[in-house]
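Novice: I'll drop the sequence and a predicted model, then ask my questions.
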Amino acid sequence: MSHKDDQRWFHIRVSVFSAIDSNSILPTIINRFIRSKFSALLVDEKILPEIVSGCRGWCFSLAMARLGIRVRNRLFGSVIEQEIGFFDKVKTGDITSRLTSDTTVMTDTVTLNMNIFTRNLILGVGIIVFMFKLSWRLSLLTLIAFPIVLGVSKVYGEYYRDLASKVQDALAAANNVAEEALSAIRTVRSFANEDGEKDRYRTSLHKAYKINVKQANVYAGYVWCTQLFELGLTVAVLYYGGHLVLTKTLSGGNLVSFILYQMQLGNCIDEIGEVFTGLMQAAGASEKVFEYIDREPVVKNTVKDRMDTESVIGQSEVESDKISGLIEFKNVTFAYPSRPDTNVLKNVSFTVQPGEVVALVGPSGGGKSSCINLLEHYYEPITGQILLDKKPVKEYDHKFLHTKISLVGQEPVLYARSIKDNIGYGLGSDVTIETVQQAAGMANAHEFIMEMEKQYVTEAGEKGQQLSGGQKQRIAIARALIRKPVVLLLDEATSALDSESEHVVQQAIYKNLKGRSVIIIAHRLSTVEKADRIIVIDKGCVIEEGSHSELLRNNGKYASLVQRQLLQTEDEVEDRVISLDNDGLGVGIAKRDIGLHFRSTCLITSSSWH
Ligand SMILES: Nc1ncnc2c1ncn2[C@@H]1O[C@H](COP(=O)(O)OP(=O)(O)OP(=O)(O)O)[C@@H](O)[C@H]1O
């Protein structure tokens, strides 16, 4: 081979090797494999290294992006299917942290480390082959050390994974603090507690930092251990290799080559050690992600979930017209999963006939909303049954059930979308503007929507913040009515409103009750007395049942609640007129025309004072 050819081969070897590992000192390995003029041309022009490294980067970036999207989709898909009890226990910030931070750590670390791992594995195997070719005795001596390295790595890996999992938990807790503060920014501002929130966030981040410090210490310890071990191994190889040279079993040149190979192998092992650290970090981050992905909801909802085990009542089995709206609670005892030892409903039984309007009343915390939660199948009772048209609600297909039962809650949650999208929420893109307008008309919302500049495409703002309380309630009513429900559940639907908005919203409700079974939860006498029947629930038990006049005659709990409310009304200040003088001295007009003086600047808009 000419000198020129030699030079060319040298370039080939260096360039190809640098495509695999730019730090390599083993061009001779490649020398054995590359002998074509075509590749020489490619390598001489430095095309191949660029292509190989480009392709590798492309493959791993693509794999990283695809893996990230798949894991996030699977995680979100699984979390959104979980039962409501799960969300009582797990905080929103924790879940969003799993969706963002944990999945990023997991996918990025795995893919990047796989890249390094593949490269070093190929190099390592190649090096070991050549080491054996040079001296099998020295190679065996080197390989004897492997189980020790693996043992140390295993102990280190488990501890590091545990720490990584704790870091992710601490970050999730910090995320939860931020999320809580930002979503309630008005409360934070009104109590001027910005510093308090900053402190809480700082403290929770500090917890993560403390675990980070531990991680760094453990990592340093691991690196020192492996480096010392490598050093010891090199000394052993030199000692034994020297002996082999002296006994003429090995040439001096081969010993030098062997030591160079061994150093290169050491580099590979170091890099694989780092990969291992990264993989343990990913394993720690992925623990909760996979726990949520694999979690089976305790209360199963969809047809698909339940198909295997139980029969499901859906649109095909029961024609919508055939649902009459007969609701029965039979000996229901219930405890929330987050407080399994406290029964909030005890042996509750009552019936709502089709088309009947029933009010649930009673002291706060008595268990009224819990009845609604069970009827909505958010939870399952411990004992007893909740029946709709004589069939347990749990046997209905989730989607079908919620087109038949609609709920208007105390604080309706609207989405940061247009008013049209909010009213048609959950009905897909098929819903027409005419249907939306019709529902808005029924809810007394059409007029105020039309007065807005963008009408039905007006943005509601995050959580409906760009609308007033009364407007939000009416949109929530329209959202419930558009589904033409057979059962309407109104849980304190007007309690947060001033008297004028309440009047408009109540009108919207009452004109739409006909032909529907309705359960109203309310504290106000004005709302309750219109119901066909009133059920009084106290401390988780039904204690009275009957019409307004019947219950007043009974002179029981209901009568005392009514009396107390009437007395309160007499004693309390009307919320009509309050004027403030220049010093912030307020003058209110009381029921019996007594002027009240307020020393502090005070604005009363309470709607419960009526
Ligand atoms: N998600 C929950 N997890 C644990 N306990 C809960 C949960 N929701 C309510 N509770 C508890 O269950 C009991 C009944 O609450 P519920 O909301 O049904 O009462 P309520 O009669 O509707 O009260 P109010 O009139 O004040 O709305 C209360 O003691 C309450 O603390």
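Specialist: The structure has been received and is ready for your questions. Numbers count the residues shown, from 1 in each chain.
Novice: where does the stretch 451-600 of the chain dip in pLDDT?
Specialist: 495-498, 501, 505, 508, 567-600 (pLDDT under 70).
Novice: Which helix or which strand is home to Asp163?
Specialist: You called it Asp, but residue 163 is Leu. Taking DSSP states H and E as the criterion, Leu163 maps to helix 136-183.
Novice: Does that helix pack against any helices or strands, and if so which?
Specialist: helix 92-97, helix 103-134, helix 194-246, helix 252-294 (3 or more C-beta pairs under 8 Å, 6 or more residues apart in numbering; DSSP states H and E). (C-beta placed from N, C-alpha, C; glycine too.)
Novice: what's the offset of that helix from the middle of its chain?
Specialist: 25 Å (C-alpha atoms, centre = their mean, to the nearest Å).
Novice: angle of it against helix 103-134?
Specialist: 170 degrees (axes from the mean of the first three to the mean of the last three C-alpha atoms, to 10 degrees).
Novice: now the strands for the stretch 301-450 of the chain?
Specialist: In the stretch 301-450 of the chain, the segments counted as strands under DSSP state E, counting those that start in this stretch are 327-335, 343-352, 357-361, 383-388, 391-392, 405-408.
Novice: can you redo those strands as TSV with mean neighbour count, distance to Leu67 and mean pLDDT?
Specialist: Listed next are the strands of the stretch 301-450 of the chain as TSV, based on neighbours: other C-beta atoms under 10 Å; distance: least, C-beta to C-beta, whole Å; pLDDT from 0 to 100:
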stretch	mean neighbour count	distance to Leu67	mean pLDDT
strand 327-335	19	41	93
strand 343-352	19	43	92
strand 357-361	23	50	90
strand 383-388	18	43	92
strand 391-392	16	41	89
strand 405-408	24	39	88
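Novice: what about those strands, which gets the closest to the ligand?
Specialist: Comparing the strands of the stretch 301-450 of the chain against the ligand with C-beta to the nearest ligand atom, the closest turns out to be strand 343-352 (3.9 Å).
Novice: and Arg524, what are its phi and psi?
Specialist: phi -80, psi 140 (degrees, to the nearest 10).
Novice: so which residue of the stretch 151-300 of the chain comes closest to the ligand?
Specialist: Counting by C-beta to the nearest ligand atom, the stretch 151-300 of the chain gets nearest to the ligand through Val299 (13.4 Å).
Novice: Tell me who's in contact with that residue.
Specialist: Contacts for Val299 were tallied using C-beta atoms under 8 Å, 6 or more residues apart in numbering; they are Glu83, Ile84, Gly85, His377, Tyr378, Tyr379, Glu380, Lys394.
Novice: now do 7 Å
Specialist: Going by C-beta atoms under 7 Å, 6 or more residues apart in numbering, Val299 touches Glu83, His377, Tyr379, Glu380.
Novice: Likewise for Leu387?
Specialist: Shown in contact with Leu387 (C-beta under 7 Å, 6+ apart): Glu328, Lys330.
Novice: one more time with 10 Å
Specialist: Leu326, Ile327, Glu328, Phe329, Lys330, Thr351, Leu375, Val393, Glu395 (C-beta atoms under 10 Å, 6 or more residues apart in numbering).
Novice: and it, what are its bridge partners?
Specialist: Beta-bridge partners recorded for Leu387 (DSSP bridges): Glu328, Pro392.
Novice: burial measure for whichever residue of the stretch 51-200 of the chain sits closest to the ligand, as a count.
Specialist: Per C-beta to the nearest ligand atom, Asp88 is where the stretch 51-200 of the chain lies closest to the ligand, at 4.5 Å. Using other C-beta atoms under 10 Å, Asp88 has 14 neighbouring residues.
Novice: buried sites along the helix or strand encompassing it?
Specialist: Per DSSP H and E, Asp88 falls inside helix 84-89. Buried residues in helix 84-89, counted by 16 or more other C-beta atoms under 10 Å: Ile84, Gly85, Phe86.
Novice: How about stretch 285-302?
Specialist: In stretch 285-302, counting by 16+ other C-beta under 10 Å, buried: Ala285, Ser286, Glu287, Lys288, Val289, Phe290, Tyr292, Ile293, Pro297, Val299, Lys300, Asn301.
Novice: Could you pull up the residues touching Glu447?
Specialist: Counting by C-beta under 10 Å, 6+ apart, Glu447 has contacts Ala440, Gly441, Arg474, Val504.
Novice: And for Gly556?
Specialist: Gly556 sits in contact with Val536, Ile543, Glu544, Gly546, where contact means C-beta under 10 Å, 6+ apart.
Novice: Around the ligand, which positions in the stretch 251-400 of the chain sit nearby?
Specialist: Tyr336, Ser338, Arg339, Val344, Gly362, Ser364, Gly365, Gly366, Gly367, Lys368, Ser369, Ser370 (C-beta under 6 Å from any ligand atom).
Novice: hmm, try it at 8 Å
Specialist: Neighbours of the ligand within the stretch 251-400 of the chain, by C-beta under 8 Å from any ligand atom: 336-339, 342, 344-345, 360, 362-373.
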